[in-house]
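Participant: Can you look at this prediction? I've put the sequence above it.
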Number of protein chains: 2
Amino acid sequence: MLEVFRALAEPSRLQIVDLLCGEPLPVGSVAERLGIRQPQASKHLRALTDAGLLEVRHDAQRRIYALRGQPFRDLDMWLSRYRTLFEEQFEKLDSLLEELKLEERKKSQSPKKRLPAKPRLRS
Amino acid sequence: MLEVFRALAEPSRLQIVDLLCGEPLPVGSVAERLGIRQPQASKHLRALTDAGLLEVRHDAQRRIYALRGQPFRDLDMWLSRYRTLFEEQFEKLDSLLEELKLEERKKSQSPKKRLPAKPRLRS
DNA sequence: TACGACTATTCGTGTCAAGGAATATTTTGA
DNA sequence: TCAAAATATTCCTTGACACGAATAGTCGTA
(Lines give C-alpha, C1' and ligand atoms only; values in the text may rest on other atoms or scores of the structure.)
Protein backbone atom coordinates (compact mmCIF):
# COMPACT_ATOMS: atom_id res chain seq x y z
CA MET A 1 0.00 0.00 0.00
CA LEU A 2 2.81 2.35 0.90
CA GLU A 3 4.52 1.29 -2.29
CA VAL A 4 1.41 2.10 -4.26
CA PHE A 5 1.19 5.57 -2.78
CA ARG A 6 4.84 6.13 -3.37
CA ALA A 7 4.52 5.10 -6.98
CA LEU A 8 1.59 7.42 -7.53
CA ALA A 9 3.24 10.35 -5.77
CA GLU A 10 4.90 11.59 -8.94
CA PRO A 11 3.31 13.63 -11.72
CA SER A 12 4.51 11.59 -14.68
CA ARG A 13 3.61 8.31 -13.08
CA LEU A 14 0.16 9.49 -12.14
CA GLN A 15 -0.29 10.62 -15.72
CA ILE A 16 0.85 7.25 -16.97
CA VAL A 17 -1.72 5.49 -14.84
CA ASP A 18 -4.42 7.81 -16.10
CA LEU A 19 -3.22 7.15 -19.62
CA LEU A 20 -3.11 3.39 -19.33
CA CYS A 21 -6.58 3.43 -17.88
CA GLY A 22 -7.81 3.87 -21.42
CA GLU A 23 -5.67 1.28 -23.12
CA PRO A 24 -2.40 -0.60 -22.79
CA LEU A 25 0.45 1.13 -24.56
CA PRO A 26 4.07 0.53 -25.54
CA VAL A 27 6.84 2.61 -24.05
CA GLY A 28 7.24 4.86 -27.05
CA SER A 29 3.61 5.90 -27.08
CA VAL A 30 3.70 6.66 -23.38
CA ALA A 31 6.78 8.80 -23.79
CA GLU A 32 5.30 10.61 -26.74
CA ARG A 33 1.95 11.37 -25.14
CA LEU A 34 3.50 12.59 -21.93
CA GLY A 35 6.11 14.64 -23.71
CA ILE A 36 8.98 12.95 -21.93
CA ARG A 37 11.94 11.04 -23.26
CA GLN A 38 11.99 7.32 -23.69
CA PRO A 39 14.46 6.53 -20.90
CA GLN A 40 12.36 8.43 -18.37
CA ALA A 41 9.26 6.65 -19.58
CA SER A 42 11.01 3.31 -19.16
CA LYS A 43 12.10 4.24 -15.66
CA HIS A 44 8.67 5.33 -14.57
CA LEU A 45 7.08 2.28 -16.10
CA ARG A 46 9.60 0.20 -14.28
CA ALA A 47 8.78 1.90 -10.99
CA LEU A 48 5.07 1.39 -11.51
CA THR A 49 5.64 -2.24 -12.41
CA ASP A 50 7.79 -2.82 -9.35
CA ALA A 51 5.01 -1.36 -7.25
CA GLY A 52 2.68 -3.90 -8.77
CA LEU A 53 0.58 -1.40 -10.67
CA LEU A 54 1.46 -2.53 -14.17
CA GLU A 55 2.11 -5.68 -16.09
CA VAL A 56 4.09 -6.10 -19.26
CA ARG A 57 3.34 -7.96 -22.43
CA HIS A 58 6.04 -8.60 -24.97
CA ASP A 59 5.19 -7.91 -28.56
CA ALA A 60 8.31 -8.30 -30.66
CA GLN A 61 10.69 -5.56 -29.54
CA ARG A 62 7.84 -3.71 -27.93
CA ARG A 63 6.86 -3.89 -24.30
CA ILE A 64 3.20 -3.16 -23.85
CA TYR A 65 2.28 -1.98 -20.41
CA ALA A 66 -1.18 -2.37 -18.93
CA LEU A 67 -2.81 -1.63 -15.61
CA ARG A 68 -3.26 -4.40 -13.11
CA GLY A 69 -6.48 -4.65 -11.19
CA GLN A 70 -5.14 -5.89 -7.88
CA PRO A 71 -3.57 -2.70 -6.49
CA PHE A 72 -6.73 -0.78 -7.23
CA ARG A 73 -8.77 -3.37 -5.46
CA ASP A 74 -6.37 -3.10 -2.55
CA LEU A 75 -6.73 0.63 -2.56
CA ASP A 76 -10.47 0.23 -2.59
CA MET A 77 -10.29 -2.04 0.41
CA TRP A 78 -8.02 0.35 2.23
CA LEU A 79 -10.41 3.16 1.49
CA SER A 80 -13.36 1.18 2.74
CA ARG A 81 -11.94 1.44 6.21
CA TYR A 82 -12.55 5.18 5.99
CA ARG A 83 -15.73 5.05 3.98
CA THR A 84 -17.91 4.40 6.98
CA LEU A 85 -16.05 7.08 8.81
CA PHE A 86 -17.23 10.05 6.77
CA GLU A 87 -20.81 9.22 7.42
CA GLU A 88 -20.98 8.99 11.16
CA GLN A 89 -17.74 10.70 11.94
CA PHE A 90 -19.26 13.93 13.05
CA GLU A 91 -21.40 12.82 15.95
CA LYS A 92 -18.71 10.50 17.19
CA LEU A 93 -16.16 13.21 17.09
CA ASP A 94 -18.31 15.66 18.91
CA SER A 95 -19.20 13.31 21.70
CA LEU A 96 -15.61 12.25 22.06
CA LEU A 97 -14.37 15.76 22.31
CA GLU A 98 -16.94 16.60 24.89
CA GLU A 99 -15.95 13.64 26.93
CA LEU A 100 -12.38 14.78 26.85
CA LYS A 101 -13.35 18.18 28.02
CA LEU A 102 -15.45 16.87 30.83
CA GLU A 103 -12.61 14.70 32.04
CA GLU A 104 -10.22 17.57 32.10
CA ARG A 105 -12.59 19.79 33.95
CA LYS A 106 -12.98 17.11 36.57
CA LYS A 107 -9.27 16.63 36.82
CA SER A 108 -8.46 20.27 37.25
CA GLN A 109 -11.41 21.00 39.51
CA SER A 110 -11.94 24.06 37.45
CA PRO A 111 -14.95 26.20 38.23
CA LYS A 112 -15.14 27.31 34.64
CA LYS A 113 -17.95 25.76 32.70
CA ARG A 114 -17.99 25.46 28.96
CA LEU A 115 -20.33 22.65 28.28
CA PRO A 116 -21.79 23.69 24.92
CA ALA A 117 -19.80 22.10 22.15
CA LYS A 118 -18.33 24.07 19.32
CA PRO A 119 -18.57 21.83 16.30
CA ARG A 120 -16.19 23.79 14.17
CA LEU A 121 -15.46 20.80 12.05
CA ARG A 122 -15.47 21.83 8.43
CA SER A 123 -14.86 25.43 7.67
CA MET B 1 -4.86 14.26 -5.79
CA LEU B 2 -1.14 14.25 -6.40
CA GLU B 3 -0.73 16.06 -3.11
CA VAL B 4 -2.77 13.41 -1.35
CA PHE B 5 -0.63 10.62 -2.75
CA ARG B 6 2.49 12.49 -1.89
CA ALA B 7 1.32 12.98 1.66
CA LEU B 8 0.49 9.31 2.06
CA ALA B 9 3.73 8.14 0.49
CA GLU B 10 5.56 8.15 3.78
CA PRO B 11 5.45 5.48 6.49
CA SER B 12 4.89 7.73 9.47
CA ARG B 13 2.21 9.74 7.76
CA LEU B 14 0.37 6.66 6.59
CA GLN B 15 0.49 5.40 10.16
CA ILE B 16 -0.86 8.69 11.41
CA VAL B 17 -3.80 8.48 9.07
CA ASP B 18 -4.49 4.96 10.17
CA LEU B 19 -4.24 6.10 13.76
CA LEU B 20 -6.52 9.09 13.39
CA CYS B 21 -9.05 6.88 11.69
CA GLY B 22 -9.93 5.62 15.11
CA GLU B 23 -10.08 8.92 16.93
CA PRO B 24 -8.73 12.45 16.81
CA LEU B 25 -5.57 12.90 18.82
CA PRO B 26 -3.23 15.62 20.05
CA VAL B 27 0.34 15.83 18.80
CA GLY B 28 1.86 14.27 21.87
CA SER B 29 -0.27 11.15 21.64
CA VAL B 30 0.54 10.73 17.99
CA ALA B 31 4.25 11.02 18.68
CA GLU B 32 4.05 8.59 21.54
CA ARG B 33 2.06 5.94 19.71
CA LEU B 34 4.26 6.09 16.65
CA GLY B 35 7.44 6.09 18.67
CA ILE B 36 8.70 9.27 17.05
CA ARG B 37 9.70 12.60 18.54
CA GLN B 38 7.35 15.50 18.88
CA PRO B 39 8.93 17.76 16.26
CA GLN B 40 8.69 15.05 13.66
CA ALA B 41 5.09 14.42 14.59
CA SER B 42 4.34 18.10 14.25
CA LYS B 43 6.02 18.19 10.86
CA HIS B 44 4.14 15.21 9.55
CA LEU B 45 0.87 16.51 10.89
CA ARG B 46 1.62 19.77 9.23
CA ALA B 47 2.29 18.05 5.92
CA LEU B 48 -0.94 16.08 6.16
CA THR B 49 -2.85 19.22 7.01
CA ASP B 50 -1.34 21.11 4.11
CA ALA B 51 -2.41 18.28 1.85
CA GLY B 52 -5.94 18.73 3.14
CA LEU B 53 -6.11 15.42 4.94
CA LEU B 54 -6.38 16.73 8.47
CA GLU B 55 -8.00 19.52 10.37
CA VAL B 56 -6.96 21.01 13.68
CA ARG B 57 -8.93 21.91 16.73
CA HIS B 58 -7.43 23.99 19.48
CA ASP B 59 -7.91 22.78 23.00
CA ALA B 60 -5.89 24.95 25.37
CA GLN B 61 -2.27 24.41 24.46
CA ARG B 62 -3.18 21.24 22.64
CA ARG B 63 -3.81 20.89 18.95
CA ILE B 64 -6.12 18.01 18.25
CA TYR B 65 -5.85 16.61 14.76
CA ALA B 66 -8.65 14.78 13.03
CA LEU B 67 -9.21 13.27 9.60
CA ARG B 68 -11.16 15.20 7.04
CA GLY B 69 -13.61 13.39 4.86
CA GLN B 70 -13.16 15.29 1.63
CA PRO B 71 -9.83 13.89 0.43
CA PHE B 72 -11.06 10.38 0.96
CA ARG B 73 -14.15 11.10 -1.00
CA ASP B 74 -11.94 12.55 -3.71
CA LEU B 75 -9.84 9.43 -3.68
CA ASP B 76 -12.96 7.35 -3.95
CA MET B 77 -14.04 9.32 -6.97
CA TRP B 78 -10.64 8.97 -8.55
CA LEU B 79 -10.75 5.25 -7.94
CA SER B 80 -14.16 4.93 -9.48
CA ARG B 81 -12.63 5.69 -12.80
CA TYR B 82 -10.74 2.42 -12.50
CA ARG B 83 -13.42 0.44 -10.78
CA THR B 84 -15.06 -0.66 -14.00
CA LEU B 85 -11.67 -1.67 -15.24
CA PHE B 86 -10.82 -4.31 -12.72
CA GLU B 87 -14.16 -5.98 -12.97
CA GLU B 88 -14.09 -7.05 -16.57
CA GLN B 89 -10.38 -7.52 -16.77
CA PHE B 90 -10.34 -10.80 -14.94
CA GLU B 91 -11.18 -13.20 -17.72
CA LYS B 92 -9.14 -11.30 -20.21
CA LEU B 93 -6.20 -11.27 -17.89
CA ASP B 94 -6.39 -14.96 -17.21
CA SER B 95 -6.60 -15.95 -20.83
CA LEU B 96 -3.82 -13.57 -21.66
CA LEU B 97 -1.52 -14.98 -19.02
CA GLU B 98 -2.16 -18.51 -20.12
CA GLU B 99 -1.42 -17.65 -23.66
CA LEU B 100 1.80 -16.03 -22.59
CA LYS B 101 2.81 -19.11 -20.67
CA LEU B 102 2.14 -21.32 -23.64
CA GLU B 103 4.16 -19.07 -25.81
CA GLU B 104 7.13 -19.08 -23.49
CA ARG B 105 7.09 -22.80 -23.11
CA LYS B 106 7.07 -23.19 -26.85
CA LYS B 107 9.89 -20.75 -27.13
CA SER B 108 12.10 -22.61 -24.72
CA GLN B 109 11.36 -25.91 -26.40
CA SER B 110 11.68 -24.89 -30.00
CA PRO B 111 13.28 -21.52 -30.44
CA LYS B 112 12.93 -19.27 -33.44
CA LYS B 113 9.27 -20.10 -33.78
CA ARG B 114 6.46 -17.71 -33.11
CA LEU B 115 2.88 -18.42 -32.36
CA PRO B 116 0.52 -17.13 -35.00
CA ALA B 117 -1.95 -15.84 -32.44
CA LYS B 118 -1.15 -12.52 -30.87
CA PRO B 119 -3.17 -11.82 -27.77
CA ARG B 120 -4.50 -8.29 -27.73
CA LEU B 121 -5.79 -6.79 -24.56
CA ARG B 122 -8.34 -4.33 -25.85
CA SER B 123 -8.79 -4.31 -29.56
C1' DT C 1 25.03 -12.18 -39.27
C1' DA C 2 24.44 -7.46 -39.28
C1' DC C 3 21.36 -3.81 -39.02
C1' DG C 4 17.43 -1.08 -37.51
C1' DA C 5 13.70 -0.38 -34.28
C1' DC C 6 12.47 -0.40 -29.64
C1' DT C 7 13.43 -0.56 -24.89
C1' DA C 8 16.33 -0.91 -20.53
C1' DT C 9 20.18 0.44 -17.72
C1' DT C 10 24.02 3.09 -15.97
C1' DC C 11 26.28 7.24 -14.46
C1' DG C 12 26.67 11.89 -12.92
C1' DT C 13 24.29 15.89 -11.14
C1' DG C 14 21.03 18.65 -8.78
C1' DT C 15 16.97 19.02 -5.98
C1' DC C 16 13.88 18.04 -2.38
C1' DA C 17 12.48 16.23 1.80
C1' DA C 18 13.10 13.49 6.24
C1' DG C 19 15.53 13.30 10.83
C1' DG C 20 17.90 15.29 14.69
C1' DA C 21 18.84 18.99 17.81
C1' DA C 22 18.01 23.30 19.45
C1' DT C 23 14.94 27.00 19.87
C1' DA C 24 10.75 29.85 19.28
C1' DT C 25 5.75 30.22 20.04
C1' DT C 26 1.34 29.67 22.21
C1' DT C 27 -1.63 28.89 26.09
C1' DT C 28 -2.78 28.15 30.86
C1' DG C 29 -2.34 28.80 35.67
C1' DA C 30 -0.13 30.81 39.88
C1' DT D 1 4.10 38.81 34.74
C1' DC D 2 6.51 34.38 35.20
C1' DA D 3 6.80 29.38 34.76
C1' DA D 4 5.42 25.20 32.74
C1' DA D 5 3.21 22.36 29.30
C1' DA D 6 2.31 21.52 24.60
C1' DT D 7 3.36 22.43 20.08
C1' DA D 8 5.67 24.73 16.03
C1' DT D 9 9.67 26.24 13.58
C1' DT D 10 14.46 26.70 12.10
C1' DC D 11 18.99 25.06 10.79
C1' DC D 12 21.77 21.49 9.32
C1' DT D 13 23.08 17.16 7.33
C1' DT D 14 22.15 13.24 4.67
C1' DG D 15 19.80 10.01 1.63
C1' DA D 16 16.52 9.21 -1.97
C1' DC D 17 15.25 10.11 -6.46
C1' DA D 18 14.21 12.56 -10.95
C1' DC D 19 16.38 14.16 -15.02
C1' DG D 20 19.67 14.15 -19.04
C1' DA D 21 23.02 11.92 -21.76
C1' DA D 22 25.21 8.05 -23.14
C1' DT D 23 25.24 3.24 -23.52
C1' DA D 24 23.70 -1.58 -23.41
C1' DG D 25 20.29 -5.06 -24.36
C1' DT D 26 16.44 -7.35 -27.19
C1' DC D 27 13.92 -8.73 -31.21
C1' DG D 28 12.71 -9.28 -36.10
C1' DT D 29 14.26 -8.94 -40.74
C1' DA D 30 17.07 -8.38 -44.94
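Facilitator: Everything's here; your move. Numbering: from 1, shown residues only, chains lettered A, B, ... in the order given.

Participant: isn't residue A:4 right up against residue A:71?
Facilitator: Yes - with contact defined as C-beta atoms under 8 Å, residue A:4 reaches residue A:71; the gap is 5.1 Å. Where C-beta positions appear, they are placed from N, C-alpha and C, glycine not excepted.

Participant: for DNA strand D, what are the nearby residues on chain A?
Facilitator: Contacts of chain A with DNA strand D, taken as C-beta under 7 Å from any atom of the strand, map to A:6, A:10-12, A:36-37, A:39-40, A:43-44, A:47, A:58, A:60-61.

Participant: next one: phi and psi at residue A:55?
Facilitator: phi -130, psi 150 (degrees, to the nearest 10).

Participant: nope, residue A:35 is what I was after
Facilitator: For residue A:35, the backbone dihedrals are phi 70, psi 30 (criterion: degrees, to the nearest 10).

Participant: Using the record's assignment, carve chain A into domains.
Facilitator: A:2-68, A:73-108 (automatic domain parsing).

Participant: re the thing from before, which two of the residues of chain A next to DNA strand D have the greatest separation?
Facilitator: Using C-beta to C-beta, the pair of those lying farthest apart is A:6 and A:60, separated by 32.0 Å.

Participant: ok, those two, which is more surrounded?
Facilitator: Neighbours were counted for residue A:6 and for residue A:60 using other C-beta atoms under 10 Å in any protein chain shown; residue A:6 has more, 19 against 8.

Participant: And the nearest residue to that one once chain neighbours are set aside, how far from residue A:25?
Facilitator: Among residues not flanking residue A:6 along the chain, residue B:9 sits closest, at 4.2 Å (C-beta to C-beta, 6 or more residues apart in numbering or on different chains). As judged by C-beta to C-beta, to the nearest Å, residue B:9 and residue A:25 stand 25 Å apart.

Participant: the more surrounded of the two?
Facilitator: A direct count of neighbours by other C-beta under 10 Å for residue B:9 and residue A:25 places residue A:25 higher, at 21 against 18.
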